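> pasting the sequence and the predicted coordinates here, then a few questions.
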Amino acid sequence: MMEKQYTDVLIIGAGPAGLAAATNLFESGFKITILDEFPHPGGRLLGQFHEESDGSWWIGRQVASELVEMTKQPNISLQCGVSVYGLKQISEGWEVLSSVGTIETKYLLLATGAAEIPVPLEGWTLPGVMSIGAAQVLTNVHMVKPGDRGIIVGVNVLGLAISRELAVAGVDLAGIVLSPNNLFSGENANPVEAINLLMSLSHLAPSAWMRLGGSLAQKMKMGKWVSTFFPRQGMNVWDIPLLLKTTISSIQGKKSVESVVLADVNSSGQIIAGSEREEKVDFVALAGGLYPLAELAAVAGCSFLYLPELGGNIPLHNEQMKTPLSNLYVAGNITGVEGAQVAMAQGKLAARSIGNDAGLLKNGREKIAEAMDEVHQVRKTATIQFHPGIIAARKRVYEMYDSLQKESLTS
Amino acid sequence: MSNSIIVCRCEEVTVENLEDAYHTGAITSRQIKMKTRATMGACQGRVCRNLVDLWMGNKNPLASKGVEQLSYRPPVRPITFGELAGEE
Amino acid sequence: MSKLRIVNHPLIKKGEQKRISFTFNGESLEGLEGEPIAAALLAHGIRILRRHEESGSNRGLYCAIGHCMECRVDVQGKGQVRACLTPIVEGMEVVEGKQLENKITGREAP
Ligand SMILES: Cc1cc2nc3c(=O)[nH]c(=O)nc-3n(C[C@H](O)[C@H](O)[C@H](O)COP(=O)(O)OP(=O)(O)OC[C@H]3O[C@@H](n4cnc5c(N)ncnc54)[C@H](O)[C@@H]3O)c2cc1C
Ligand code: FES
């Protein structure tokens, strides 16, 4: 039998949110346990890097190891390779079921991050087809190229950011193409939408991708469509052909990926007959976007809200990162898809909320207000933003929380 | 779009399977899942749940979002009988 | 060194990792200590990790972070594990995920 473990604060997820929460909570003297199923701590920080506006590089792996260094405290236990598969509320807090047995905790913080939305198309179950995040993890975390030559499907923030990372690592890319135009692609298959997206984000990001989006968008505003300005063979950005007039119609191969069939599209994303051609690749990376991974919040019995700006269904929570369930907190991408710096600020805020609720935080109100302010600041200056409507959507979540709390008090 | 595209990788459910289920009366995400096993495989819908909901929303905008789609059940990760029994 | 391994990354440096050996479907292979099974296999160009239980179709790594379950393989002494999360250790015996028999349809194990 595995012995039941006891802890004061259990954090599920050792990504930027979970690690930041732990490092901001250890002074409370609480016994803190962090669990993560990935073999290394850091979450999706491990695979990220990007260029800052001053030309320096922000390297997620370094940020992660600094955070991990700070968790080396006698009252923090960081356990990797441990999956959590269930939880339930008990009178004294929460009981969590994991691959190393049951853990009882007073406070529970869910920091499980995000998962990827797929891009289904003919041939996408062949070995060699993977999510864009998988290509990132292979390349930047395990340092094995996803293949000899690949293609990126999906023109969106994550797809572009990771394409650049692959190029930096020397991965050969045939290009970035639009998502296939099918029932599942929504706006992602439409070249005009793709450019609109680049435009809406161009003020944020320092990178050439986004600037390119901005200048294209300017031209489009003058009433012309990409066809006038954007060459069929694409435009090279960091040596990667960005093919905004090209889509993918299928993936081919006997045992694993051998090639893809590409085709030209018109301004509404429809394939131009006769334009199909084969491109030899041995891997395909699908960039369909991210959604909050909130399954444990659902199992806990949390209520949910559907907000596309935040990536889909998110557990109800207030600005202090508390859910309506007692002693259950959330932080990071589980509350909505954003960059790692925001997740860290949220982790710190959640830590202060927990400290305050436990009566261990001096000047609790001010400390919490300060941490909330920090989240706002980081959000405003984030170099990567996944949706332009994030701030307004967040506000709606907090309002909903408040009105539901009022309702339950009066009923 | 070709109807042979797989939507649910775990259970190999195709667009055609979804269409068939819809035309024989499955008109919400939940009913589609029961009928086709889409989202009910090893990944527990982590990969295709969004797709099935999206597809359903396109077919039947009245199949309300939210309420019934969040039916996650533990265990959310594969476990062995040993783990269930609390053994090492 | 396999040609898929990235050795001179301009920004990311990884510490030295010990070379160890493990087997896949009985074949002896070399990998780096601590890296997941799926990465060690890909470095050898091996992408097929599993055959679909029912159809037998080839499957490989899809999400790389434990979400999709596509990479399930059998490890001697451990049972079924996710190849994207499970680090290789010296002497580990790994076998691909197999198509199963189905008594209802009468299909026999391949
Ligand atoms: C594939 C992918 C690529 C991304 N790339 C970028 C990028 O390039 N730039 C960018 O700004 N943002 C990127 N993001 C967004 C990213 O989510 C945030 O940048 C940030 O990492 C979120 O931090 P977090 O702490 O909320 O979650 P994460 O960093 O995702 O950490 C969550 C951790 O929880 C663990 N976990 C989840 N469920 C369980 C469970 N049941 N049991 C045990 N452990 C569990 C996971 O293993 C993971 O380590 C990416 C997201 C994904 C999914
Ligand atoms: S590749 Fe998705 S779980 Fe391993």
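Everything's here; your move. None of these values were measured; they are calculated from a predicted model. Ligands and ions are numbered 1, 2, ... in the order given.
> for chain A, which residues are neighbours of chain C?
Contact residues (Cβ under 8 Å from any Cβ of the partner chain) of chain A with chain C: A:37-39, A:44, A:49, A:57, A:59, A:61, A:81, A:83, A:115-116, A:125-131, A:133-134, A:137-140, A:142-148, A:168-170, A:255-256, A:293. For glycine as for every other residue, the C-beta is placed from the backbone atoms N, C-alpha and C.
> buried subset of those as a ChimeraX selection?
To isolate the buried subset of the residues of chain A next to chain C in ChimeraX, counting by 16 or more other Cβ atoms under 10 Å in any protein chain shown, use the following:
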select /A:37,38,39,44,49,59,61,83,115,116,125,126,127,128,129,130,131,133,134,137,138,139,140,142,143,144,145,146,147,168,169,256,293
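> check the residues of chain A next to chain C one by one and keep those near ligand 1.
A:E37, A:F38, A:R44, A:S83, A:A115, A:E116, A:G133, A:L293 (Cβ under 6 Å from any ligand atom).
> could you dump the residues you listed into a markdown table and include pLDDT and secondary structure?
Below are these laid out as a markdown table (pLDDT from 0 to 100; DSSP: H, G, I helix; E, B strand; the rest coil):
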| residue | pLDDT | secondary structure |
| --- | --- | --- |
| A:E37 | 96 | coil |
| A:F38 | 96 | coil |
| A:R44 | 96 | helix |
| A:S83 | 96 | coil |
| A:A115 | 97 | strand |
| A:E116 | 96 | strand |
| A:G133 | 98 | helix |
| A:L293 | 97 | coil |
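> closest point of chain C to chain A, which residue?
C:G60 (2.9 Å; Cβ to the nearest Cβ).
> quick one on the thing from earlier: out of the ones next to ligand 1 among the residues of chain A next to chain C, who's nearest ligand 1?
The closest of these to ligand 1 turns out to be A:G133 (Cβ to the nearest ligand atom; 2.2 Å).
> for A:S403, see how far away the closest one is.
35 Å (Cβ to Cβ, to the nearest Å).
> where does chain C come near chain A, residue by residue?
Within chain C, the residues that sit near chain A (Cβ under 8 Å from any Cβ) are C:2-6, C:9-12, C:14, C:34-36, C:39, C:42-43, C:47-49, C:57-68, C:84-87.
> which among the residues you listed end up buried?
Buried members of these, scored by 16+ other Cβ under 10 Å, are C:4, C:6, C:12, C:14, C:34-36, C:39, C:42-43, C:47-49, C:58-68, C:84-87.
> so does stretch A:298-311 get close to chain B?
Yes - residues of stretch A:298-311 contacting chain B under Cβ under 8 Å from any Cβ: A:A298, A:V299, A:F304, A:L305, A:Y306.
> which SS class is the fourth one?
Three-state assignment for A:L305 (DSSP: H, G, I helix; E, B strand; the rest coil): strand.
> what of the second one?
Classification of A:V299 by three-state DSSP places it in helix.
> can you give me the strands in chain B?
Counting by DSSP state E, chain B has strands at residues B:6-8, B:13-14.
> can you pull the contacts of the residue in the stretch 301-411 of chain A that chain C sits nearest to?
Residue nearest to chain C within the stretch 301-411 of chain A: A:N333 (12.6 Å; Cβ to the nearest Cβ). Shown in contact with A:N333 (Cβ atoms under 8 Å, 6 or more residues apart in numbering or on different chains): A:G15, A:A17, A:G113, A:A114, A:L290, A:P292, A:L293, A:G311, A:A343.
> same question for A:T33.
A:Q5, A:T7, A:V9, A:L10, A:I11, A:I76, A:S77, A:Q79, A:I103, A:T105.
> adding neighbour count and pLDDT, write the residues you listed out as a markdown table.
What follows is the contacts of A:T33, written out as a markdown table (neighbours: other Cβ atoms under 10 Å in any protein chain shown; pLDDT from 0 to 100):
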| residue | neighbour count | pLDDT |
| --- | --- | --- |
| A:Q5 | 18 | 94 |
| A:T7 | 22 | 97 |
| A:V9 | 29 | 98 |
| A:L10 | 28 | 98 |
| A:I11 | 34 | 98 |
| A:I76 | 20 | 97 |
| A:S77 | 16 | 97 |
| A:Q79 | 17 | 98 |
| A:I103 | 23 | 97 |
| A:T105 | 25 | 98 |
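> just the ones of these in helices?
Among the contacts of A:T33, no residue falls in helices (DSSP state H).
> tell me the one of those nearest ligand 2?
Proximity of these to ligand 2 (Cβ to the nearest ligand atom) peaks at A:Q79, which lies at 19.5 Å.
> so in terms of bridging, what pairs with the closest one?
With DSSP bridges as the criterion, A:Q79 is bridged to A:L35.
> do I have it right that it meets A:F38?
No - counting by Cβ atoms under 8 Å, A:Q79 does not reach A:F38; the two are 11.4 Å apart.
> where do the helices sit along the stretch 301-411 of chain A?
A:340-357, A:364-381, A:390-410 (DSSP state H, counting those that start in this stretch).
> as a markdown table, the ones you listed with distance to chain B would be great.
What follows is the helices of the stretch 301-411 of chain A, written out as a markdown table (distance: least, Cβ to the nearest Cβ, whole Å):
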| stretch | distance to chain B |
| --- | --- |
| helix A:340-357 | 20 |
| helix A:364-381 | 24 |
| helix A:390-410 | 12 |
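> leaving out sequence neighbours, find the closest residue to the closest residue to chain C within chain A.
When scored by Cβ to the nearest Cβ, chain A has A:P127 as its residue closest to chain C, at 2.9 Å. Closest residue in space to A:P127, ignoring its immediate chain neighbours: C:G60 at 2.9 Å, by Cβ to Cβ, 6 or more residues apart in numbering or on different chains.
> need the contact list for the one you found.
A:126-130, A:256, C:38, C:47-50, C:70-71 are the contacts of C:G60 under Cβ under 8 Å, 6+ apart.
> what about the strands of chain B, which gets the closest to ligand 1?
Ligand 1 sits nearest to strand B:6-8 of all the strands of chain B, at 20.2 Å, using Cβ to the nearest ligand atom.
> give me the mean pLDDT for that closest one.
For strand B:6-8, mean pLDDT is 96.
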